[in-house]
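# need the 3D shape of this:
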Amino acid sequence: MILFPAFSHASRQVTLAWDANDSKPEGYRVFSRQSGEAYNYDHPIWEGTATTCTLIGLDDFTDYAFVVRAYDGNLESADSNEVRLPSLVAEPEQPEATSSQDDAEDLFLTPVLQTAAFSSADSNDTHLQTRWILTRESDGVCIMDLTSTSDLTELDVPVLMLEDNTTYSWTVRHTSAKGSVSDWSTPSRFTTGTSALDGDGNGIPDEQEVETTIDLDDNGVADAEQEDLRCVYVVDSAGQVAVSAPSGSGVSRITAMEATDLDTIGSVDRMPYDLPLGLVSFRLELEHTGGIARIRIYFSDPAPQSARWIKYDTINGWQDYSVHATFADDGLFVDLEIQDGGFGDVDGVENGIIIDPSGYGIANDSEACSLTDAQSSSGGGGGGCFISNTLWAH
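Reported below is the predicted structural model:
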């Protein structure tokens with residue numbers, strides 16, 4: 001049996017043809033089934049004496065299969081060979097940015113990006129994932145390239161991703177469960193304001209800055225006065241954490257650092273580790289795009305031998321990052337490796353910038369086994385904003 005498909009704006013039709021039996025039967029019956037179903041031989045979709053038939057009214061987005069049987073009285077042959085008519089693939093509609101901050105000025109540094117709901121001509125298709133692209137307009141550098149199966153129509157921009165008084169453009173596209181991909185949304189723009197938390201503009205919230213008596217790396221120089229180190233009080237001033245990136249670390253400078261209030265994390269009730277010093281986020285500028293940063297993080301309170309290095313961000317949730325962390329024997333520091341656009345970099349793109357939110361954790365016995373291993377996590381990135389040169393063509 002052979003198949004000749006045809007299409008119209010309303011529905012599909014297909015013409016089937018088959019060889020006549022050597023001994024002419026009383027007639028032929030055509031049976032159909034949809035993907036995953038069995039043939040119902042009590043209900044042919046067509047019956048007649050010809051060796052060809054045209055079936056109309058077929059759904060564009062349904063997989064069909066057909067067989068023919070010859071019949072003579074109560075006798076009926078076995079199935080012919082099966083022919084298939086695959087469904088058409090509907091491209092999802094172009095997403096529409098719906099964030100109220102489109103073209104806004106003085107925007108907060110952790111805005112929420114929003115799009116309209118997924119839509120497709122195929123009512124049986126669903127929204128699988130969304131890819132979010134954020135670009136700095138002044139130089140076209142891609143700041144964020146993240147793909148998420150959970151943040152489908154709303155994304156909280158991670159802490160320290162954005163800088164003060166800077167204009168950004170962002171765009172998204174949807175991918176369906178059947179693998180079809182929408183066009184990119186029309187780019188939306190916003191401009192950040194000046195952070196009220198960092199009055200002196202040194203990249204550390206004013207209330208988290210440490211006194212000149214603090215020297216976590218014990219080198220005789222106050223942490224607050226070192227160019228290659230940043231130090232903050234953790235929330236509620238329970239202790240201090242410092243990030244050091246000396247010569248040879250692959251880091252050109254530490255541009256920002258901030259302790260996170262765990263009460264602001266929506267999934268804190270599902271936190272699988274106790275975090276004595278909370279989480280600290282930092283932003284690094286690297287000497288080479290795509291390079292690996294080798295940094296040291298100091299603690300005012302030593303981490304116990306059972307400590308793990310834990311990461312959290314709004315895309316990947318809680319992750320165990322210990323595969324790239326080496327604790328000192330005395331627990332007063334940990335050495336970390338993070339790759340730009342790769343393991344540990346929450347922005348998901350090779351752009352010479354590393355964003356990292358993390359801290360040491362002590363396992364809650366009932367929950368720790370469920371934590372994601374982050375040894376190869378890159379934040380679900382799309383691999384370098386390859387569309388940046390054509391983004392504005394839509």
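
# pull the CA atoms of stretch 164-176 into PDB?
The C-alpha coordinates for stretch 164-176 follow below in PDB (Å, rounded to 0.1, in the frame of the first residue of the first chain):
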ATOM      1  CA  ASP A 164      23.900  49.900  38.500                       C
ATOM      2  CA  ASN A 165      22.800  52.500  35.900                       C
ATOM      3  CA  THR A 166      23.000  50.100  33.000                       C
ATOM      4  CA  THR A 167      20.600  49.400  30.100                       C
ATOM      5  CA  TYR A 168      19.800  45.800  29.200                       C
ATOM      6  CA  SER A 169      17.800  44.000  26.500                       C
ATOM      7  CA  TRP A 170      16.200  40.600  26.900                       C
ATOM      8  CA  THR A 171      14.400  38.200  24.800                       C
ATOM      9  CA  VAL A 172      13.000  34.600  25.100                       C
ATOM     10  CA  ARG A 173      11.800  31.700  23.000                       C
ATOM     11  CA  HIS A 174       9.700  28.700  23.900                       C
ATOM     12  CA  THR A 175      10.400  25.100  23.100                       C
ATOM     13  CA  SER A 176       7.500  22.600  22.900                       C
END
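
# poorly predicted segments of the stretch 1-150 of the chain, please.
1-11, 100-107 (pLDDT under 70).

# now S87: how far from S35?
If you measure S87 against S35 using CB to CB, to the nearest Å, the figure is 8 Å. Just so you know, the C-beta spots here come from the backbone N, C-alpha and C atoms, and that holds for glycine as well.

# neighbours around N165, how many?
For N165, the neighbour count with other CB atoms under 10 Å is 11.

# please report how far it lies from G193.
7 Å.

# same question, T149
Computed as CB to CB, the T149 to G193 distance reads 32 Å.

# and if you look at F333?
For F333, the distance to G193 - CB to CB - is 35 Å.

# for L275, same thing?
Applying CB to CB, the value for L275 to G193 is 30 Å.

# kindly report the same for F327.
Applying CB to CB to F327 and G193 gives a distance of 39 Å.

# and these two? Which one has more around it.
Per other CB under 10 Å, whichever of F327 and G193 has more neighbours is F327, with 21 against 14.

# could you give the bridge partners of the more buried one?
V334 (DSSP bridges).

# over to T54?
Beta-bridge partners of T54, as defined by DSSP bridges: T15.

# that one reaches A17, doesn't it?
No - in terms of CB atoms under 8 Å, T54 does not count as a neighbour of A17; the distance is 9.9 Å.

# higher neighbour count, these two?
With neighbours defined as other CB under 10 Å, T54 and A17 compare such that A17 has more, 15 against 12.

# gap between that one and A222?
Distance from A17 to A222, by CB to CB: 87 Å.

# N364 reaches L275, doesn't it?
No - taking contacts as CB under 8 Å, N364 lies outside contact range of L275: 10.6 Å.

# tell me which element the spatially closest residue to D206 that is not a sequence neighbour is part of?
The shortest distance from D206 to any non-neighbouring residue, by CB to CB, 6 or more residues apart in numbering, is to G199 (5.2 Å). Assigned by DSSP states H and E, G199 belongs to neither a helix nor a strand.

# and T255, what helix or strand is that in?
Counting by DSSP H and E, T255 is part of strand 251-260.

# buried sites along that strand?
251, 254-260 (16 or more other CB atoms under 10 Å).

# could you dump the residues you listed to CSV with distance to R12 and pLDDT?
Output for those, formatted as CSV (distance: CB to CB, whole Å; pLDDT from 0 to 100):
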residue, distance to R12, pLDDT
V251, 58, 97
I254, 60, 96
T255, 57, 94
A256, 56, 94
M257, 59, 95
E258, 56, 94
A259, 59, 94
T260, 54, 88
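
# G179: which of those is nearest?
Ranked by distance to G179 (CB to CB), the buried residues of strand 251-260 are led by T260 at 36.7 Å.

# contacts only, for that closest one.
Going by CB atoms under 8 Å, 6 or more residues apart in numbering, T260 touches 159, 235, 278-281, 357.

# and which of these is nearest to H174?
Closest to H174, out of all of the contacts of T260 and judged by CB to CB, is V159, at 25.8 Å.

# and for that closest one, nearest residue in space, chain neighbours not counted?
Nearest non-adjacent residue to V159, counting by CB to CB, 6+ apart: S281, 4.9 Å away.

# and what of T212?
A222 (4.1 Å).

# could you do A328 as well?
Nearest residue to A328 in three dimensions, chain neighbours excluded: V334, at 7.0 Å (CB to CB, 6+ apart).

# was I right about that neighbour contacting A303?
Yes - between V334 and A303 a contact is recorded at 7.0 Å, counting by CB under 8 Å.

# now do the shared contacts for the two.
What both V334 and A303 touch, as defined by CB under 8 Å, 6+ apart, is the set 327, 360.

# count of neighbours near the residue lying closest to S247 once chain neighbours are set aside?
Computed as CB to CB, 6+ apart, the closest residue to S247 that is not its neighbour in sequence is D228, at 7.4 Å. Neighbours of D228 under the rule other CB under 10 Å: 16.

# correct me if wrong: D228 contacts A245.
Yes - A contact is recorded between D228 and A245 when judged using CB under 8 Å, the distance being 5.5 Å.

# where do the contact lists of the two overlap?
251, 253-254.

# S169: which of the residues you listed is nearest?
Looking at the shared contacts of D228 and A245 and their distance to S169, the nearest is R253, at 25.3 Å (CB to CB).

# check which helix or strand covers the closest residue to the closest one other than its chain neighbours.
In this structure, R253 finds its nearest non-sequential neighbour in E285, 5.3 Å apart by CB to CB, 6+ apart. Taking DSSP H and E as the criterion, E285 maps to strand 279-286.

# tell me what that strand is packed against?
Here strand 279-286 touches strand 240-244, strand 251-260, strand 292-299, strand 353-363, going by 3 or more CB pairs under 8 Å, 6 or more residues apart in numbering; DSSP states H and E.
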